[in-house]
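*Asks:* only geometry, no sequence info:
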């Protein structure tokens, strides 16, 4: 009993901070692409839905990319338009709901998943707690297998499950009261997850000092928030943005920053080492933070961190705690591959292979600190938080 | 406590002298660097405040480490250094707990309790041993206690109990040479000084205990006169009295003065001190025997069941470890099989199996031990007029000490014993014996099942997710978890190849090789010499561990560190498979301070090579020392991941697991 309360306390703490994580690795998504029985088929076998969403959110203007994505979407059934039959056969689809939330530009995937699951509870016609729990489990599994490449999606689902199903809410006598409580908690959870970015910005902007030069790789809403807050606090700093091939995320970030009046310089991705001399710190976002304390992020983060490490520059990662996942990649290949299509602007000679992976894994030894809504953490604390939440 | 110091140094010249000594007696790290200066500085002031004999500062004299006949009074800074390092660095203060490690902490405590209830001054021996116990259990905190113990001991017996704590060194001296009895006064002062510095290191609880002790001491100070006489009488009355007369003055100003003055007070104080000590004891890892401590070794020998030989040609850095003697005593023990009645036959059998090496490997040894205990508990019946909880604990302790004599405990066994004792201690008094026995037996079963068998299964499930088709897995020696993992991975149809690295003299890898090949797994067998050659084709390294310490250090079969280091150099991930019950909160930086020595003969001889006989008469070669280590420590830098029953963790998370799961539910 004591044990339970301890866990709860922890969860509450985690919750308050809006944390999240994912399940243990043992049962890592092994679902095969053949699960066609699903009402919503997977986005596409080739492309990672996660990166597709990101591209949409960030409004990347890249004709090729868009047309390719559309072609790809047409090849597999587009997730945005679930087949009518599926919709008819099932009154509520958590994936529809998820897709609905996912479109909102400012909503992270994990939060969208949480919202979808809350909606799932709300529309559930289960009459017992057990039933509801099973339904919820099914919904979250469906979400997770819908896009196995998104770490924050599965982390968000797991955390929600953890949080919702392991609370005193289940001890209510009245089922409806319990259900309402679950919904309430779920909504609160989503709300807090929304606020995570703000918390991180508050914590992170302290590290930015006047006159510093920050190298940013990729487009991250958290990083943008940090920089925004620092700028609004009248800090004087300069930002180097990498171009962020292939979807040119750096362009988008530089545009945002320029409108804020922050001096920005755009680099091509291969100029990171060249520019590192002038840089005072590297600031990146993360798609997922793994158990070792390393991060999974857009392709190129690893090399940026390596260069920074070799030149003794600090590497900071801004990531919401719902991106903490119980994954432990040993190396780059030890990840669920997330592929994306890459345009080279010229026709590719026949017989030439293209590396399509969208992300890489940066081991913890190359990171200095993580800015999270749980506080500013060293990489080794990530595992601590995960253990406290999951074991 | 610190704020008391300046006035004292000013008021009492003897104490001022102490001030010079203290830097030396303070933490060993500092001590090392300051040693020469401290030694130099200490003598002149002591010369003018105390008799010249004291200038050799008994506190600083090392105990007779190498030979007991060595002249004690010779101050030898270099030797002292080495000693001090060991005191501070190798053993946490608690490790100095006096009585031999063979007895369990709890039984030791009981001894202490029973002794405390008696008047310390009834017999000098009694007082002394009691004093020694407390002194050593508060090595860092209460120097004054040591001092007064030194006082008690003034006329004490000739067998010094400990030569480890500085105070006890002081203690031993007077016993050994009557002439130096006069030195007691100086000793006391030195001791007081030591206490001053040591005090700074004490924890809050200790300080509180100390204060309580001082309060009670003050209260008792009135009766002190009689008490002092009593305690001083058995020894040399005159020195004791002078010492008393001299030091009684400070008590007025100083709180800790009285204790310094009145040895008799010690009894009360000890009683007061006990509760915190008892609390602390739980947090403290059991003390380890230092086998270069002659007196303790002798004492342990006297009560040993196993006939102990003296090992020749000890290797310098490893003198403190139990020297390997096992092979020689097996026949001796076997003949005793029917004579030993306190030992349960199943425990005896397991002991013999340890001794002969039939059972090896952390899990196997732990399970064998637990099953033997289980049988012993089944056959146990409480003797009349004894409490089950205490008697059974004592019994288990005696079994454990027997097993230690057969082979030093592994950390996994230590944890299992801790678990069992904890279960026994938590038994409700009202429970009938039969129920107690059955509940303990089921506890043991549950421990084996949950902490070892199921844990292994979970580890395998986790680990197999890291094996990809086409991998080349390297393993070293024989680890049962790794073996199960490889077999399981093969069963689930992963395509991989195994490189088994082995080393002399145990060649355990051949066992693994044999079993894997029989399962149809593609294997390569090589010796550790070829590790750097073979490593470039390896994609993953799986290693077992005897223990994982809380700084992430992996304590495992010797050679593991080498494999991990080479793998790290080749950027090959190193995965350690280790059940969480083997985690230990200790921190260890090297393989020296805690290790196990194997039979030196096996490394000097190569089976099947009669021509390699250069070392055949090695016992006669005095400058030859053979070192056959059993374990080594792999720094956490070389470890990519630790796979436990709690999942896959970075080495930095070991303390989290220890913190979260050790304390709260002690394993179940």
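*Replies:* Structure received. These numbers were taken from a predicted model, which means no experiment stands behind them. Numbers count the residues shown, from 1 in each chain, chains lettered A, B, ... in the order given.
*Asks:* C-alpha only now, for contacts and for neighbours.
*Replies:* Will do.
*Asks:* just give me the neighbour total for the nearest residue to residue A:276 once chain neighbours are set aside.
*Replies:* Leaving aside its chain neighbours, residue A:276 sits nearest to residue A:308 (6.8 Å; criterion: C-alpha to C-alpha, 6 or more residues apart in numbering or on different chains). By the criterion of other C-alpha atoms under 10 Å in any protein chain shown, residue A:308 has 24 neighbours.
*Asks:* same thing with residue B:502?
*Replies:* Neighbours of residue B:502 using other C-alpha under 10 Å come to 25.
*Asks:* ok, it - contacts?
*Replies:* B:476, B:477, B:508, B:509, B:510, B:525, B:526, B:527, B:528 (C-alpha atoms under 8 Å, 6 or more residues apart in numbering or on different chains).
*Asks:* need the phi and psi values for residue A:359.
*Replies:* Torsion angles at residue A:359 (phi, psi; degrees, to the nearest 10) stand at phi -150, psi 160.
*Asks:* that one touches residue A:299, doesn't it?
*Replies:* Yes: using C-alpha atoms under 8 Å, residue A:359 is in contact with residue A:299, at 4.1 Å.
*Asks:* thinking again about what came up before, which one of the contacts of residue B:502 sits closest to residue B:346?
*Replies:* residue B:508 (26.2 Å; C-alpha to C-alpha).
*Asks:* residues of the stretch 351-500 of chain B that sit close to chain A?
*Replies:* Residues of the stretch 351-500 of chain B lying close to chain A by C-alpha under 8 Å from any C-alpha of the partner chain are B:461, B:462, B:465, B:466.
*Asks:* re earlier: in terms of pLDDT, where does the residue nearest to residue A:276 sit?
*Replies:* The model reports residue A:308 with a pLDDT of 95.
*Asks:* element containing residue B:472?
*Replies:* Here residue B:472 sits within strand B:471-476, counting by DSSP states H and E.
*Asks:* just checking: what are the partner strands of that strand?
*Replies:* strand B:496-502 (parallel), strand B:540-544 (parallel) (DSSP bridges).
*Asks:* can you confirm residue B:632 is in a strand?
*Replies:* Yes: Residue B:632: assigned to a strand according to DSSP: H, G, I helix; E, B strand; the rest coil.
*Asks:* if it is in a bridge, with which residues?
*Replies:* Applying DSSP bridges to residue B:632 gives these bridge partners: residue B:556.
*Asks:* pull the number of nearby residues for it.
*Replies:* A count of nearby residues for residue B:632, using other C-alpha under 10 Å, gives 23.
*Asks:* coming back round to it: how about the secondary structure of the residue nearest to residue A:276?
*Replies:* Secondary structure, three-state DSSP: residue A:308 is helix.
*Asks:* what is the nearest of the contacts of residue B:502 to chain A?
*Replies:* residue B:476 (19.7 Å; C-alpha to the nearest C-alpha).
*Asks:* that closest one against residue B:563, yeah?
*Replies:* Yes: counting by C-alpha under 8 Å, residue B:476 does reach residue B:563; the two are 7.5 Å apart.
*Asks:* and residue B:603, what does it touch?
*Replies:* B:504, B:505, B:626, B:628.
*Asks:* mind doing that once more with 10 Å?
*Replies:* If you count contacts by C-alpha atoms under 10 Å, 6 or more residues apart in numbering or on different chains, residue B:603 has them with B:504, B:505, B:506, B:615, B:626, B:627, B:628.
*Asks:* all good on my end, thank you.
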